[in-house]
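A.B. asks: Fold the following.
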Amino acid sequence: MFLTLRINKSKRNITFFEGRLVLGSAPVRRHFHLLLSAMVLFGPLLSLWVSKYNVFANTNHFLYRKFLRSSWGWTCILSGSFVLVLSLSAKRSLSLCLRHLSRLLVAGLLWFALKRLLAVLEDAAGACYEPMPPEVDPSSSSSSSSSSPLLLLHQDKTKALCLRAHMQWRGYEVSQDVLILCLCCLLILEELSVFRDHVAPAGPPQKPPGAPLRLILLCTLLLVLCMFLLLCLLAHFPQFPAQQLGGALGYLTWRGLYQGWYKLKGSRFCPGMPGEGLLTSDL
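C.D. replies: Predicted coordinates:
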């Protein structure tokens with residue numbers, strides 16, 4: 001019986017190990033952005049089938065109010081912890097560890113700059129309107145009294161002040177929620193994919209997974225949650241083309257960093273790709 005328990009435990013460890021390596025496979029890394037693009041493009045079509053009484057159709061849902069605001073923070077905490085543990089366990093070099101962590105810092109600064117830029121552009125391209133109650137005229141016909149209320153223009157208000165005053169904001173905008181969710185998904189997959197290159201040659205582990213594997217589990221759950229929330233936003237609150245523009249900006253940000261700048265070699269200010277400079281045999 002003791003031997004049977006050990007065999008079953010070993011099988012569970014191997015299955016757990018192989019499941020985590022899927023995230024680092026070449027087809028997943030190569031085509032994951034296509035999956036997100038398909039979700040952003042065709043996700044709003046799900047609004048034809050989803051119910052408006054669904055729990056996720058309420059904007060006051062806990063995940064919308066709390067997680068969307070802190071999704072970037074959770075991504076930095078979990079992904080940064082994984083990069084830190086992996087770097088220190090593979091090669092005990094503080095400078096190398098800080099260099100790999102700087103990728104998250106660069107992405108965070110770029111996200112902050114994008115938020116500021118989008119806020120400026122939205123304030124410049126939109127206007128604030130205050131609905132005015134219709135005037136009641138006894139001599140007027142019923143058709144004129146049921147017409148839409150007049151709108152009073154406020155040119156001195158920004159979008160944030162306008163919405164805070166419970167007025168209407170009309171203009172072009174980019175969905176920042178879709179942008180950050182797409183960027184978080186792409187960043188998590190890029191940072192986790194390096195683990196396969198370090199453990200695959202050594203074979204599946206024969207002992208319970210260590211700290212890197214536990215962090216991979218948490219990061220995987222975060223990735224699934226981000227994709228689920230992205231699908232909920234697209235299905236229950238379709239906004240064309242604001243959400244598509246947000247997804248495109250998220251893709252371009254990932255493309256410019258992980259497929260462009262981070263691949264430059266020989267540059268002092270380049271953080272490098274995930275796993276660069278880490279020894280496989282030291283993990």
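A.B. asks: Any idea which residue is closest to the centre of this protein?
C.D. replies: When the chain is reduced to its mean C-alpha position, the closest residue under C-alpha atoms, centre = their mean turns out to be Leu181, at 2.2 Å.
A.B. asks: Wait, a helix at it?
C.D. replies: Yes - secondary structure of Leu181, determined by DSSP: H, G, I helix; E, B strand; the rest coil: located in a helix.
A.B. asks: was I right about it contacting Phe228?
C.D. replies: No - at 9.8 Å, Leu181 does not count as touching Phe228 under the criterion of C-beta atoms under 8 Å. To be clear about C-beta, it is placed using only N, CA and C from the backbone, and glycine gets the same treatment.
A.B. asks: Just read off the phi/psi values of Tyr64.
C.D. replies: The main-chain torsion angles of Tyr64 are listed as degrees, to the nearest 10 and equal phi -70, psi -40.
A.B. asks: now do Glu190
C.D. replies: Torsion angles at Glu190 (phi, psi; degrees, to the nearest 10) stand at phi -70, psi -40.
A.B. asks: For it, which non-adjacent residue is closest in space?
C.D. replies: Closest residue in space to Glu190, ignoring its immediate chain neighbours: Tyr258 at 5.1 Å, by C-beta to C-beta, 6 or more residues apart in numbering.
A.B. asks: per-residue pLDDT, the one you found?
C.D. replies: The predicted structure scores Tyr258 at 91 on the pLDDT scale.
A.B. asks: What number of residues are in the vicinity of it?
C.D. replies: Residues near Tyr258, counting by other C-beta atoms under 10 Å, number 20.
A.B. asks: mind checking how far it is from Met273?
C.D. replies: Counting by C-beta to C-beta, to the nearest Å, the gap from Tyr258 to Met273 is 7 Å.
A.B. asks: Neighbours of the residue lying closest to the residue nearest to the centre of the chain once chain neighbours are set aside, how many?
C.D. replies: Distance criterion C-beta to C-beta, 6+ apart; nearest residue to Leu181, sequence neighbours excluded, is Leu230 at 4.5 Å. In terms of burial, Leu230 registers 24 neighbours under the definition other C-beta under 10 Å.
A.B. asks: List the residues that contact Leu230.
C.D. replies: Applying C-beta atoms under 8 Å, 6 or more residues apart in numbering, one finds that Leu230 lies in contact with Leu36, Met39, Val40, Gly43, Val178, Leu181, Cys182, Cys185.
A.B. asks: Try it again at 10 Å.
C.D. replies: When contacts are counted by C-beta atoms under 10 Å, 6 or more residues apart in numbering, Leu230 is found next to 36, 39-40, 43, 177-178, 180-182, 184-185, 243, 247, 250.
A.B. asks: what's the spacing between the longest helix along the chain and its chain's center?
C.D. replies: With DSSP state H setting the assignment, residue counts place helix 94-125 as the longest helix in the chain. Offset of helix 94-125 from its chain centre (C-alpha atoms, centre = their mean, to the nearest Å): 13 Å.
A.B. asks: can you check stretch 28-43 too?
C.D. replies: Taking C-alpha atoms, centre = their mean, one finds the center of stretch 28-43 at 13 Å from the center of the full chain.
A.B. asks: Show me the shaky parts of the chain.
C.D. replies: Low-confidence segments of the chain, defined by pLDDT under 70: 1-26, 133-156, 196-212, 266, 278-283.
A.B. asks: Strands of that one, start to end?
C.D. replies: 126-132, 150-154, 168-171 (DSSP state E).
A.B. asks: what's the distance between the residue nearest to the centre of the chain and Ser267?
C.D. replies: With distances taken as C-beta to C-beta, Leu181 is found 30 Å from Ser267.
A.B. asks: Hmm, Val83 is touching Val194, no?
C.D. replies: Yes - with contact taken as C-beta atoms under 10 Å, Val83 and Val194 are classed as touching, separated by 8.7 Å.
A.B. asks: Can you dump the C-alpha atoms of stretch 80-91 in PDB for me?
C.D. replies: As requested, the backbone C-alpha atoms of stretch 80-91 are provided in PDB (Å, rounded to 0.1, in the frame of the first residue of the first chain):
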ATOM      1  CA  GLY A  80       8.100  39.300 -10.200                       C
ATOM      2  CA  SER A  81       8.200  36.600  -7.400                       C
ATOM      3  CA  PHE A  82       8.600  33.900 -10.000                       C
ATOM      4  CA  VAL A  83      11.400  35.800 -11.800                       C
ATOM      5  CA  LEU A  84      13.100  36.500  -8.500                       C
ATOM      6  CA  VAL A  85      13.000  32.900  -7.200                       C
ATOM      7  CA  LEU A  86      14.000  31.400 -10.600                       C
ATOM      8  CA  SER A  87      16.900  33.800 -11.000                       C
ATOM      9  CA  LEU A  88      18.200  33.200  -7.500                       C
ATOM     10  CA  SER A  89      17.800  29.400  -7.800                       C
ATOM     11  CA  ALA A  90      19.400  29.300 -11.200                       C
ATOM     12  CA  LYS A  91      22.300  31.700 -10.600                       C
END
